[in-house]
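1. Mind looking at a prediction? Sequence and model below.
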2 protein chains.
Amino acid sequence: MFLLHPTLERDTVEIARLKLCRVLLMRDCTYPWLILVPERENLRDLDDLSPDDRALAMVEITQVSKTMKELFHPDKMNVAALGNVVEQLHIHVIARFKEDLAWPKPVWGALPPKDYENAERNALATRIALALKPL
Amino acid sequence: MFLLHPTLERDTVEIARLKLCRVLLMRDCTYPWLILVPERENLRDLDDLSPDDRALAMVEITQVSKTMKELFHPDKMNVAALGNVVEQLHIHVIARFKEDLAWPKPVWGALPPKDYENAERNALATRIALALKPL
């Protein structure tokens, strides 16, 4: 049975469930930062996915990335599967701006996470959920 | 016409050309660190790839990642398309170890790059090229 890693559970709120991935919003208002978690057990690396799931992951990464471009008009999208700390396979999809506080550095460890206000977080999660449409 | 970005040209050596991507070895002996560059013009983000190329990119990322696991037995693979500095679409595929000097942090900016000795770099590039086999 798939269970979300407790660290991801703590640091995010759920936005949507796609065919393969759960889409999560990071509790960090510094950048629009989503995380995709394939709902499969015992995966660590991207290449641990089955061929079908791997193709689906790429479709969903693209869907989420294009949606974020439409909503936020970033200068760059950052997509990464790192997982050195949280071992459950998860894929970061982050909208980056030349004006964001970490630019041009990667976001991990750059700044302490700053959560949204509750109402703001809920509104953003709803806005992204509504905008996520199949390719 | 596809031209490799001069920064990637300077910081890497070519290992192989797959169907979509050029496979490059970073001149940094701190970690086994490869970069895949889709040989297409004017791409910045992963989602800029056409649907066919996107699927192919995922196949080649997987091929390279599995090859690195076989060769190096890392604790974790890191896969990332960032590109905040070098705007040409390129995908990092890095073998990480709990004993590497940046662990568990991401590699970017963690340590100054340390090039291989020429003979060592050539031997490693050849070893990886020979190990890269289609899935």
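-> Right, received. Where do you want to start? Predicted model only: the values in this text are computed from it and were never measured.

2. Please report the distance of the spatially most central residue of chain A from chain B.
-> For chain A, the residue nearest the mean C-alpha position is A:I35 (1.9 Å; CA atoms, centre = their mean). For A:I35, the distance to chain B equals 14 Å [CB to the nearest CB, to the nearest Å]. In short, each C-beta sits where N, CA and C put it, glycine included.

3. State the mean pLDDT of the helix or strand containing that residue.
-> Assigned by DSSP states H and E, A:I35 falls within strand A:33-38. Strand A:33-38 comes out with an average pLDDT of 98.

4. Show me the contact partners of the following helix or strand past it.
-> Reading on from strand A:33-38 to the C-terminus, the next helix or strand found by DSSP H and E is helix A:51-72. Helix A:51-72 has contacts (CB atoms under 8 Å, 6 or more residues apart in numbering or on different chains) with A:18-21, A:23, A:32, A:34, A:36, A:38, A:40, A:46-47, A:49, A:74, A:77, A:79, A:91, A:93, A:95, A:127-128, A:131-135, B:45-47, B:54-55, B:57-59, B:62, B:135.

5. Name the nearest residue to A:A102, ignoring sequence neighbours.
-> The spatial neighbour of A:A102 that comes closest, neighbours along the chain excluded (CB to CB, 6 or more residues apart in numbering or on different chains), is A:A110 at 3.6 Å.

6. I'd like the mean pLDDT over the helix or strand encompassing A:N122, please.
-> Secondary structure assigned from DSSP H and E places A:N122 in helix A:118-131. Across helix A:118-131, the average pLDDT comes to 97.

7. Ok, stretch A:5-16 next?
-> In the prediction, stretch A:5-16 has an average pLDDT of 98.

8. How about it and chain B, touching?
-> No. Stretch A:5-16 stays clear of chain B (CB under 8 Å from any CB of the partner chain), getting no nearer than 12.7 Å.

9. So for that stretch, first residue to last residue, what's the gap.
-> The first and last residues of stretch A:5-16 sit 17 Å apart, counting by CA to CA, to the nearest Å.

10. Stretch A:68-86 now?
-> One end of stretch A:68-86 sits 24 Å from the other (CA to CA).

11. how about the residues of chain A that lie near chain B?
-> Within chain A, the positions lying close to chain B (CB under 8 Å from any CB) are A:44-47, A:51, A:54-55, A:57-59, A:61-62, A:65-66, A:69, A:76-85, A:96, A:103-106, A:108-109, A:135.

12. PyMOL command to pick out the buried ones of those residues?
-> To isolate the buried ones among those in PyMOL, judged by 16 or more other CB atoms under 10 Å in any protein chain shown, type:
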select buried, chain A and resi 45+46+47+54+55+57+58+59+61+62+65+66+69+76+77+78+79+80+81+82+83+84+96+103+104+105+106+108
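
13. ok, back up a step: alpha carbons of the helix holding A:N122, as CSV, please.
-> Taking Å, rounded to 0.1, in the frame of the first residue of the first chain, the C-alpha atoms of helix A:118-131 are listed here in CSV:
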residue,chain,number,x,y,z
ASN,A,118,-3.6,29.5,5.4
ALA,A,119,-6.1,31.3,3.2
GLU,A,120,-3.4,32.1,0.6
ARG,A,121,-2.2,28.5,0.6
ASN,A,122,-5.7,27.2,0.1
ALA,A,123,-6.5,29.6,-2.6
LEU,A,124,-3.3,28.8,-4.5
ALA,A,125,-3.8,25.0,-4.1
THR,A,126,-7.4,25.4,-5.6
ARG,A,127,-6.1,27.6,-8.4
ILE,A,128,-3.5,25.1,-9.4
ALA,A,129,-5.9,22.1,-9.1
LEU,A,130,-8.4,23.8,-11.4
ALA,A,131,-5.7,24.7,-13.9
